[in-house]
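In: This is a predicted model, with the sequence first.
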Amino acid sequence: MRARVPAAADFVVLAVAFAALLAWSWGTWPDVLVDFGRELYAAWRLSRGEVLYRDVASFYGPLSPYVNALWFRLFGVGLRTLVLANLVLLAAATLLLRALLLRAGTRRAAAGAAALVFLCVCGFSRLVQNGSFNFVCPYAHEATHGFLLALAALVCALRAGDPRAHPSLRPALLWSAGAGLLCGLCFLTKPEPFVAGLGASALALALSAWPRPARERVALGAAFAAALVLPAVLAFALLARAMSADEAARATLGSWAYLDNADLLGQRYFAWSMGLDDPRQSLLRMAGALGREALLLLPALGLAWTLRGRPGPQRWAAPAAGLLTLGGLIPFARARWWFGLARPLPLWTLAVLLAAALAWKRGGEAAHTRACGARLALATLALLLLPRIVLNARVFHYGFVLAGPALALLVAALLDWIPRGLDGAGAAGRVFAAAAGAAVIVAVVFHLTESQSRMEALRQEVGQGPDRFRADARGGYVRAVVEALAQMPGEDPTLAVLPEGVMINYLARRPTSVPYLTMLPVEEDLFGEDELLGALQRRPPHLVALVHRSTGEFGPEYFGTDYAVRTLQWVRAGYAPLFAVGDPPLQPQARFGIAVLQARGSAR
């Protein structure tokens with residue numbers, strides 16, 4: 001008989017792990033120049049009364065910047081404010097994911113283990129050189145806010161349709177409306193979490209409401225649909241107070257407004273992210289990762305099957321299988337192929353979905369059917385999050401959020417659902433669970449070690465007080481520029497940082513004169529160089545900072561040479577060098593550097 005886990009044990013383990021991961025990674029989460037500066041700057045400007053899309057450009061939905069601006073207005077402007085808010089949201093997302101696994105019929109210990117793996121691998125990690133791919137300081141809050149809203153919507157949808165929890169219609173209608181409202185808020189973030197949340201919630205509502213009379217099912221669907229459109233209508237009304245109706249409609253759509261932009265969608269960066277830059281090679285890598293996983297799991301599966309009907313040997317075989325697997329994998333704990341083991345996540349998720357669908361169709365006891373429906377809905381959410389990384393699935397980069405539910409499903413399957421199926425066939429499920437658990441432990445250790453190696457390179461202190469964090473070598477250059485700007489007199493504080501580095505604006509508390517916070521190839525495809533350059537010409541900043549940034553991942557390598565050529569020519573003609581740190585920026589041979597230029601009319 002399996003040992004029973006005390007009801008609060010997994011909560012305690014998760015709380016201790018959360019605190020330990022927080023202390024271990026403190027101050028390492030944002031990138032000093034890429035992405036997260038935009039999150040801070042936008043929230044700062046909106047908290048001072050500026051309007052998103054009119055004064056601060058964005059190609060995401062309007063919800064997250066205004067939420068972050070609200071935190072700044074309530075608790076003060078500072079990186080620490082967003083960090084504390086995001087820690088609360090990360091804790092909520094972790095508990096929601098655990099709750100969904102429990103509702104999907106997962107044993108408490110396995111659900112807690114899956115949530116713990118999610119925290120260790122996705123929550124606080126720094127698995128790439130650039131930061132901002134974690135839940136504490138994400139590259140875009142729309143991704144993490146949308147993720148949380150999608151999970152919460154699914155929880156509400158499952159509760160709405162459960163006649164056991166709500167035999168009367170009124171509470172069920174409220175839960176259904178809550179699910180629709182949360183999906184509607186998710187629409188105001190990014191397409192990926194909205195599609196996943198909407199698809200999973202609609203499916204969950206349909207499956208779990210099936211036992212109800214037809215009239216009640218229609219009422220639940222109507223409540224969901226009515227609440228779904230409410231956030232978009234409200235967002236449009238609020239934005240229309242500061243801009244035209246057409247502009248407000250486009251702003252409400254967020255990223256959806258750019259889905260017909262062929263130049264943007266055709267960028268090499270997005271093809272690489274999906275694994276479509278070389279589909280054949282991506283499929284071969286997926287197959288290779290699946291083969292490695294088979295080598296790890298099939299021996300344990302074979303042993304578990306061999307010991308069927310033999311309870312005595314099963315008891316000692318389980319710890320032996322775990323120890324042997326652990327001992328065999330420890331020498332490879334730093335092997336780079338651990339990164340690639342996430343590639344088959346779409347296949348694992350699809351397998352869970354199909355198994356849950358078949359189990360739900362077979363029916364059985366009401367509790368079992370409800371659990372299968374919840375598992376099917378959760379697998380749907382996980383699968384709908386994966387298209388952006390479908391042939392290049394990973395738990396780093398965008399995968400920290402897009403692959404989170406799929407990773408949790410995989411852990412639950414390895415530690416609980418597959419072993420339980422083996423037990424049902426008379427085999428030794430505990431043997432498979434022990435070996436799989438050992439493999440999961442080594443995989444988590446690998447990812448934590450990888451994060452640690454990158455955190456050790458963050459030796460530069462950047463920012464003051466609530467804005468302080470650690471950065472790599474670029475942080476020293478940024479700190480020098482911010483300190484120099486603080487010593488500069490002048491009535492016009494405006495500064496444009498090109499092509500990327502609005503973190504400098506935020507740390508120096510110097511606004512840019514234009515709405516566009518970056519001028520990367522993405523922005524050129526979205527808005528066109530004519531508009532980007534025109535914005536600078538209409539409202540020339542007092543200072544321009546040129547930051548060394550290779551944009552080769554998008555295709556064009558350097559700002560001013562491979563794209564935005566006219567923009568850099570305009571800067572060179574109208575601005576004189578003021579000071580510089582490091583190498584001359586935007587040159588192929590440069591390591592890193594920042595050059596600050598001043599408008600020639602006020603050059604000293």
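Out: Good, I have the coordinates. Numbering: from 1, shown residues only.

In: In contact with residue 430, which residues are there?
Out: 2, 314, 318, 419, 423 (CB atoms under 8 Å, 6 or more residues apart in numbering). Just so you know, the C-beta spots here come from the backbone N, C-alpha and C atoms, and that holds for glycine as well.

In: same question but for residue 109, I mixed them up
Out: Contacts of residue 109 by CB under 8 Å, 6+ apart are 5, 9, 10, 415, 416.

In: how close does the second one get to residue 135?
Out: Residue 9 is 24 Å from residue 135, where distance means CB to CB, to the nearest Å.

In: Give me the more crowded residue out of those two.
Out: With neighbours defined as other CB atoms under 10 Å, residue 9 and residue 135 compare such that residue 135 has more, 27 against 13.

In: Surely the more buried one touches residue 91?
Out: No: between residue 135 and residue 91 no contact is recorded; they are 9.7 Å apart, counting by CB atoms under 8 Å.

In: and the next element down the chain from the helix or strand that contains residue 90?
Out: Using DSSP states H and E, residue 90 sits within helix 79-103. As assigned by DSSP H and E, the chain's next helix or strand after helix 79-103 is helix 108-118.

In: Please, where are all the strands along the chain?
Out: 460-462, 469-471, 495-498, 543-547, 575-582, 593-599 (DSSP state E).

In: what separates the fourth one from the chain centre, distance-wise?
Out: Relative to the centre of its chain, strand 543-547 is centred 30 Å away, using CA atoms, centre = their mean, to the nearest Å.

In: List the strands paired with it, with their directions.
Out: When pairs are called by DSSP bridges, strand 543-547 turns out to pair with strand 495-498 (parallel), strand 593-599 (antiparallel).

In: Using PDB, list the CA coordinates for that strand.
Out: Output in PDB follows, covering the C-alpha atoms of strand 543-547 (Å, rounded to 0.1, in the frame of the first residue of the first chain):
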ATOM      1  CA  LEU A 543      19.600  63.100 -26.500                       C
ATOM      2  CA  VAL A 544      20.000  59.900 -28.500                       C
ATOM      3  CA  ALA A 545      21.800  56.800 -27.100                       C
ATOM      4  CA  LEU A 546      23.000  54.200 -29.600                       C
ATOM      5  CA  VAL A 547      23.400  50.800 -28.000                       C
END
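
In: quick revisit: quick check on the contacts of residue 109: which are buried?
Out: Among the contacts of residue 109, those scoring as buried are 10, 415, 416 (criterion: 16 or more other CB atoms under 10 Å).

In: What's the local residue count around the closest residue to residue 426 other than its chain neighbours?
Out: Once flanking residues are discounted, residue 426 sits nearest to residue 308: 4.3 Å by CB to CB, 6 or more residues apart in numbering. If you count neighbours by other CB under 10 Å, residue 308 ends up with 15.

In: Which phi and psi values does residue 308 adopt?
Out: phi -60, psi 140 (degrees, to the nearest 10).

In: one step back: need the strands paired with strand 543-547 in JSON lines (columns: mean pLDDT and distance to residue 435).
Out: Below are the strands paired with strand 543-547 laid out as JSON lines (pLDDT from 0 to 100; distance: least, CB to CB, whole Å):
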{"stretch": "strand 495-498", "mean pLDDT": "98", "distance to residue 435": "52"}
{"stretch": "strand 593-599", "mean pLDDT": "96", "distance to residue 435": "52"}
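
In: What separation do you get for the spatially most central residue of the chain and residue 62?
Out: Nearest residue to the geometric centre of the chain (CA atoms, centre = their mean): residue 401, 3.0 Å. From residue 401 across to residue 62, the span is 20 Å (CB to CB).

In: so where is this protein shaky, pLDDT-wise?
Out: Along the chain, the parts satisfying pLDDT under 70 run over 1-7, 163-167, 602-604.

In: care to break it down by domain?
Out: As recorded under automatic domain parsing, the domains making up the chain are 9-255+267-454, 473-602.

In: now do the same end-to-end measure for stretch 40-60.
Out: 15 Å (CA to CA, to the nearest Å).

In: Can you point out the buried residues in that stretch?
Out: Buried, per 16+ other CB under 10 Å, within stretch 40-60: 40-47, 50-53, 55-60.
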